[in-house]
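S.K.: Need coordinates for the following:
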Amino acid sequence: MNRAVGPVWHPKQKNAGIVPEKLRNLDRTATWSFSYADGWVYGHGSFCLVAHEIPMLGLFIWMPNSAHEGKRLLTELPPFCPHLQTVLMDSKADDQNLYWTLREEHAIQLITPPRPRMNKSFGRPYFIQKMWTPANQQLYRQRAITVEPLQGLLKQLFDLEHCWMRGDVNNRWLFAAMGVAVQIAQHAAWLLKQSTWNIRKSVLGA
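M.R.: Below you'll find the predicted structure:
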């Protein structure tokens, strides 16, 4: 999640379409979302795909802050499916339909931590038993050192704790440009057998 430029818009006022008189330079298309790491954030989201074995960016694009990553995954994943065997996602993606769609239509194993107290729906215990095995849990733990840091690298490179611009349209093309810049730099580093992490100079020119 990336905080919007300018002030935040209180959810009740936003839902009612009320802009307080003194609320200047407001990003009206930003949305609210919550994470345990950052709490409530008013801003824009990013959808990121990262290779697990070699730190390489597959995709970095804008998405609404309030959007569902698991549902977005099915939209963005098809071009990558021939190259994938496993997909690791956070707990928002623990959806039976997503699991079985990836498994049966693309032969891809989804691994994501099951949310607590969500095991009562039909078929869910069986789905969790098949997915959340000790071996898969061990593989998932590696995500913290192979996948998640690259999202942090992107934020660090472009100072993305706050968005640069206001509005969905502006951030959509800006995020895409950031992703392409990192992909080009990482691919060049990989061809030269250099670190795909140490790309700051290649991306920013300094």
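
S.K.: what about the longest helix in this structure?
M.R.: For the chain, the longest helix by residue count, based on DSSP state H, is helix 168-191.

S.K.: and that helix, which residues are buried?
M.R.: Using 16 or more other Cβ atoms under 10 Å as the test for burial, helix 168-191 gives Asn170, Asn171, Leu174, Phe175, Met178, Gly179, Ala181, Val182, Ala185, Gln186, Ala189. C-betas here are computed from N, CA, C, even on glycine.

S.K.: can you check stretch 83-102 too?
M.R.: Leu84, Val87, Leu88, Met89, Ala93, Asp94, Asp95, Leu98, Tyr99, Thr101, Leu102.

S.K.: name the helices or strands packed onto the longest helix of the chain?
M.R.: Packing partners of helix 168-191 (3 or more Cβ pairs under 8 Å, 6 or more residues apart in numbering; DSSP states H and E): strand 39-50, strand 57-64, helix 148-158, helix 200-204.

S.K.: Using PDB, list the CA coordinates for stretch 106-113.
M.R.: Provided in PDB are the C-alpha atoms of stretch 106-113 (Å, rounded to 0.1, in the frame of the first residue of the first chain):
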ATOM      1  CA  HIS A 106      -2.800 -24.500 -14.800                       C
ATOM      2  CA  ALA A 107      -1.200 -27.200 -12.700                       C
ATOM      3  CA  ILE A 108       0.100 -24.600 -10.200                       C
ATOM      4  CA  GLN A 109       0.300 -25.100  -6.500                       C
ATOM      5  CA  LEU A 110      -1.000 -22.100  -4.400                       C
ATOM      6  CA  ILE A 111       0.600 -21.700  -1.000                       C
ATOM      7  CA  THR A 112      -0.800 -19.100   1.400                       C
ATOM      8  CA  PRO A 113      -1.400 -19.100   5.100                       C
END
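
S.K.: in it, what's buried?
M.R.: His106, Ile108, Gln109, Leu110, Ile111, Thr112, Pro113.

S.K.: swap in stretch 157-168?
M.R.: Leu157, Phe158, Leu160, Cys163, Arg166.

S.K.: can you check stretch 30-48 too?
M.R.: Neighbour counts over stretch 30-48 (16+ other Cβ under 10 Å) mark Ala30, Thr31, Trp32, Ser33, Val41, Tyr42, Gly43, His44, Gly45, Ser46, Phe47, Cys48 as buried.

S.K.: thought the fifth one was touching Ala30?
M.R.: Right, Val41. No - Val41 is beyond contact range of Ala30, at 9.2 Å (criterion: Cβ atoms under 8 Å).

S.K.: ok, so of the buried residues of stretch 30-48, who is nearest Met1?
M.R.: Nearest to Met1, judged by Cβ to Cβ, of these is Val41 at 4.3 Å.

S.K.: got the phi/psi numbers for the residue nearest to Lys92 when sequence neighbours are not counted?
M.R.: Of all residues not flanking Lys92 in the chain, Glu69 sits nearest, at 5.4 Å (Cβ to Cβ, 6 or more residues apart in numbering). Main-chain torsions, Glu69, degrees, to the nearest 10: phi -60, psi -40.
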